[in-house]
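Enquirer: Just the structure for this:
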Amino acid sequence: MSSAIRQIPLDTATHHHAHDYHQIVIGLRGQAEFEIEGLGGSISALSGCIVPANHMHYYAGTGDNHQLILDLPGQAPALTGFHHELAKLFEAPRFFTLDEPLKRYLDFLLLELSASPNHASAQNDRLAATLLGCLHARLAEADASTYQRLDLPRLDRFIAHHLSSRLSVGDLAREACLSEAHFRHCFRAQTGLSPWQYVRRKRLEATRRLLVESPLPLSEIADLTGYATQSALSHAFRAAFGHAPSQYRKLHQLGTLSVTDT
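Expert: Numbering: from 1, shown residues only. Next up, the predicted model:
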């Protein structure tokens, strides 16, 4: 399958879904809000986000907005063969800002699209691969900054205190008194996980504990663990543990489920 590139405004009402292809969203005008399985952030002109495949995400535009969206199937030429390293971009959700050279390339890409409204899929893949390659190089360089050890117990307390809120990597970086790029690098080096993966694990651990130790309905557990809706929590829980939350609770109460960390 080939890449698809489109330009659309986002509805100002909040919507959510997950899809089996990766996605890059870049703001062209106005602003939009995204939450990708608990990682929240804003997109304005010339900033964007990475949405990995099969990740539930909530989104809404603000006022007059316009977004460039790249839909990237896992087997697209822009992510396979010579470009296979670019698939690493989609290991976890992420927000980013375009630097000056990437802004210039974005101008070129938009001119190419407007010059050929019915552009061939092969050209889409070439345009997408160049954008992804440049973005991958910049994010990898930002992650390669000097490592310093983080105070994980302090971060754990911060996460636990704010678990019911929308947490961004920027929030965690500020708590650690580091730039976001430096924090990402240090966090992965120390834990082997991205900050998003770590917070997601904490949310799911709290969910599992509440299912076993409390009679709270799933809607309240979703509120307490930072999921926007009960369906978002169910989607994440099933993906992590192979059971719906209600099934997990029932099986555990019957003593027939062996619990192991993931």
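Enquirer: where's the nearest residue to Thr97 once chain neighbours are set aside relative to Phe183, distance?
Expert: In space, and not counting its chain neighbours, Thr97 is closest to Ser47: 4.4 Å by CB to CB, 6 or more residues apart in numbering. Backbone N, C-alpha and C define where each C-beta goes, glycine included. Going from Ser47 to Phe183 by CB to CB, to the nearest Å gives 18 Å.
Enquirer: more crowded one of those two?
Expert: Phe183 (24 against 17; other CB atoms under 10 Å).
Enquirer: is it true that that one touches Asp171?
Expert: No. Using CB atoms under 8 Å, Phe183 makes no contact with Asp171, being 10.3 Å away.
Enquirer: now Ala32, which residues is it bridged with?
Expert: Counting by DSSP bridges, Ala32 is bridged to Ile43, Gly61.
Enquirer: Give the full set of residues in contact with it.
Expert: With contact taken as CB atoms under 8 Å, 6 or more residues apart in numbering, Ala32 is in contact with 10, 25, 42-43, 59-62, 65, 67.
Enquirer: Please enumerate the strands of the stretch 1-150 of the chain.
Expert: All strands of the stretch 1-150 of the chain, identified by DSSP state E, counting those that start in this stretch, fall at 4-8, 15-17, 22-36, 39-44, 47-51, 57-72, 94-97.
Enquirer: Let me know which of these is the nearest to Arg166.
Expert: The closest of the strands of the stretch 1-150 of the chain to Arg166 is strand 39-44. By CB to CB, the value is 3.8 Å.
Enquirer: Next, count neighbours for Trp196.
Expert: By other CB under 10 Å, the residues close to Trp196 number 24.
Enquirer: what helix or strand does it sit in?
Expert: Per DSSP states H and E: Trp196 is located in helix 195-213.
Enquirer: Now that helix: buried residues?
Expert: Neighbour counts over helix 195-213 (16 or more other CB atoms under 10 Å) mark 195-200, 202-204, 206-208, 210-211 as buried.
Enquirer: Could I get the contacting residues of the residue positioned nearest the centre of the chain?
Expert: The chain has Pro93 as the residue nearest its centroid, 2.2 Å off, counting by CA atoms, centre = their mean. Contact analysis of Pro93 by CB under 8 Å, 6+ apart lists 36-37, 39, 49-52, 55, 57, 196.
Enquirer: can I get these in a markdown table with distance to Ser219?
Expert: Converted to a markdown table, the contacts of Pro93 look like this (distance: CB to CB, whole Å):
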| residue | distance to Ser219 |
| --- | --- |
| Ile36 | 21 |
| Glu37 | 18 |
| Leu39 | 21 |
| Cys49 | 27 |
| Ile50 | 29 |
| Val51 | 25 |
| Pro52 | 26 |
| His55 | 22 |
| His57 | 20 |
| Trp196 | 24 |
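Enquirer: Pull out the buried positions in the longest helix seen in the chain.
Expert: In the chain, taking DSSP state H as the definition, the longest helix is helix 121-143. Residues of helix 121-143 classed as buried: 124-129, 131-132, 135-136, 138-139, 143 (neighbour count, 16+ other CB under 10 Å).
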